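# Predicted model and sequence follow; I will ask about them next.
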Amino acid sequence: MGRSRNALHNTFAIMIEKKHLHKMLRDILRRSRGLQDHNLMHPEREWYTGLIIAIIAIIGGGYLCLHIYWQYNRETVGTSVSDTAIDAIYREEEVARARQEFTERVNRHAMSADALRSQATLTAATTLDAFIPLETLSPTASSTGVTQPEEAETSSSTDIFILPL
Amino acid sequence: MNKLTKNIFTAALLFLLVSLGACAFLLFQIKTVGAELESYIAAVNERDAEEANYLRVNRRAQETVTERAELAKAFFTDEGDSIGFIDDIESFAAEVGISLVTEGLDKKTPEGDTTEYITIAFVYTGDKNQVRTFTEYLEEVPYHSYIESLNLTKRSGGIWEGRVMLYITLLPS
């Protein structure tokens, strides 16, 4: 295997000699070189390149400055108090509902008290009616046996003395 | 490239580097001071918000003095209130011809509840209508209360007996 490779190498070396290689390379290089530019500096080209870079830098810098300006310009000293915090402390609707309920309760309580007073007055009047003729008790008493409200006190106090009998 | 060109190139490069460095430094400074400013503004905003919140709560408290006082009246503030209440009930019962006895007075906290109650046991007798209406009267006492138990018994001679256990809420201190 190794022997056959050496033989092939030797054959190739014989076929293409060194000078041939140099010639081939020279031809290739000469063909690709074209017109050579002998100027090292190109003022106009470099000026425009520099100008474009400067413009890009100025635009970039300007954008950066604007961005920073907007960022800090938006920062304002201001307060924002949420209503939910207050609502959590004072539940207005519930308070109003409780007050309403309480007022209704007070009214119902007063009505019950009035009803009890009326019943007491009626009981006293009935009791008195059974024991004493109404005409002798008061000239303003009604014929139905119901005592007038302003007489309730008198009737009730009388009732206390009469009932034990 | 002659020497002058080299010098100009070196100076330009140096100038560019110094300018870039200065720009970077200034940007860094702006960012640092800006962050500091943001933290100050946040602190000021927070303080202002707290102040505004306090003022609003204070104003709301002042605006609702009447309502809160009205609601507070619906509670017993201490055990002493129950004495006046019992006196009122007893004098009213006497006024309307109902025989009333206060059988018990206690302070209780029902199991599973954090609210304290004053419990009052009333026993009252009268005719059927009186007992029924007096029960309603006790049910609707102008306090934050409820009837825990009620027993109505018919006695002889058309007399009825009511036995009520009334719970009235004690205002938390």
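Arrived safely, thanks for sending.
# quick one: B:L27 from B:S145, how far?
Computed as Cβ to Cβ, to the nearest Å, the B:L27 to B:S145 distance reads 72 Å. Every residue, glycine included, has its C-beta placed from N, CA and C.
# Quick check: B:W160 touching B:T135?
No: judged on Cβ atoms under 8 Å, B:W160 makes no contact with B:T135 at a distance of 9.8 Å.
# Overlap of the contact sets of the two?
B:L152 (Cβ atoms under 8 Å, 6 or more residues apart in numbering or on different chains).
# that older thread, so for B:L27 and B:S145, which residue has more residues nearby?
Using other Cβ atoms under 10 Å in any protein chain shown, the more surrounded residue of B:L27 and B:S145 is B:S145, with 23 against 14.
# show me the contacts for that one.
Here B:S145 is in contact with B:L166, B:Y167, B:I168, B:T169 (criterion: Cβ under 8 Å, 6+ apart).
# Let's see that with 10 Å instead.
Applying Cβ atoms under 10 Å, 6 or more residues apart in numbering or on different chains to B:S145 gives the contacts A:105, B:74-76, B:85, B:117-120, B:138-139, B:166-169.
# And B:D127, by the same measure?
By Cβ under 10 Å, 6+ apart, B:D127 lies in contact with A:Q119, A:T123, B:G97, B:I98, B:G157, B:G158, B:I159, B:W160.
# again, 8 Å this time
By Cβ under 8 Å, 6+ apart, the contact set of B:D127 is A:T123, B:G158, B:I159, B:W160.
# For it, give me the pLDDT.
Looking at B:D127, its pLDDT is 89.
# How much space separates it from B:G97?
Relative to B:G97, B:D127 is positioned 9 Å away (Cβ to Cβ).
# do B:T5 as well
127 Å.
# Show me which of the two is the more surrounded one.
Using other Cβ under 10 Å as the criterion, B:T5 and B:G97 rank with B:G97 on top: 21 against 11.
# about what we covered before: give the PyMOL command for selecting the buried subset of the contacts of B:D127.
This is how PyMOL selects the buried members of those, with burial counted by 16 or more other Cβ atoms under 10 Å in any protein chain shown:
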select buried, (chain A and resi 123) or (chain B and resi 160)
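# Restricted to helices, list the contacts of B:D127.
Taking DSSP state H as the definition of helices, those contribute A:T123.
# Lowest-confidence member of the contacts of B:D127, which is it?
Out of these, that is A:T123, at 76.
# quick one: least confident helix or strand in chain A?
helix A:152-162 (a mean of 37; mean pLDDT, DSSP states H and E).
# what are the ranges of the helices in chain B?
Along chain B, the segments classed as helices by DSSP H run B:3-63, B:65-72, B:80-95, B:128-139.
# Adding distance to chain A, write these out as CSV.
Listed next are the helices of chain B as CSV, based on distance: least, Cβ to the nearest Cβ, whole Å:
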stretch, distance to chain A
helix B:3-63, 4
helix B:65-72, 6
helix B:80-95, 7
helix B:128-139, 4
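# any idea which of these is most buried?
helix B:128-139 (a mean of 20; mean count of other Cβ atoms under 10 Å in any protein chain shown).
# Does anything pack onto that one? Which helices or strands?
helix A:92-131, helix B:80-95, strand B:117-126, strand B:145-154, strand B:160-169 (3 or more Cβ pairs under 8 Å, 6 or more residues apart in numbering or on different chains; DSSP states H and E).
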